[in-house]
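Undergrad: give me coordinates for this.
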Amino acid sequence: MAEMKMKIEGMSCQHCVMAVKKALGGISGVTSSDVEIGSALVVYDESKATEKDFKSAVEKAGFTVKS
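TA: Residues are numbered from 1 along each chain as shown. Next comes the predicted model:
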């Protein structure tokens, strides 16, 4: 298992937190995600998911991942 910490812009409320959590949880290989306003910590199986997958899911949910 691997972990990735992301900084996320555009989040301002619990609705935003739930939207990001749902987006990350929909990715195959994600075993857990701890999301709070402005950041997320994702635990995942590297053979099933990539950092690119997480960035894409967060952006599709309407937020921006900072490098």
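Undergrad: so for this structure, the centremost residue is which one?
TA: Leu24 (4.5 Å; CA atoms, centre = their mean).
Undergrad: need the contact list for it.
TA: Leu24 makes contact with 30, 33, 35, 40, 42, 54, 57-58, according to CB atoms under 8 Å, 6 or more residues apart in numbering. Just so you know, the C-beta spots here come from the backbone N, C-alpha and C atoms, and that holds for glycine as well.
Undergrad: dump the residues you listed into CSV; add pLDDT, neighbour count and secondary structure as well.
TA: Shown next, in CSV, are the contacts of Leu24 (pLDDT from 0 to 100; neighbours: other CB atoms under 10 Å; DSSP: H, G, I helix; E, B strand; the rest coil):
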residue, pLDDT, neighbour count, secondary structure
Val30, 95, 20, strand
Ser33, 92, 20, strand
Val35, 97, 23, strand
Ala40, 97, 23, strand
Val42, 96, 25, strand
Phe54, 95, 22, helix
Ala57, 96, 21, helix
Val58, 97, 24, helix
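Undergrad: so what's the gap between the helix or strand hosting the residue nearest to the centre of the chain and the chain middle?
TA: Assessed by DSSP states H and E, Leu24 sits inside helix 14-25. The chain centre lies 8 Å from the centre of helix 14-25; the measure is CA atoms, centre = their mean, to the nearest Å.
Undergrad: so for that helix, mean pLDDT?
TA: Mean pLDDT, computed over helix 14-25, is 96.
Undergrad: can you pull the buried residues of that helix?
TA: 16-17, 19-21, 23-24 (16 or more other CB atoms under 10 Å).
Undergrad: stretch 59-67 now?
TA: For stretch 59-67, by 16+ other CB under 10 Å, it's 61, 63, 65.
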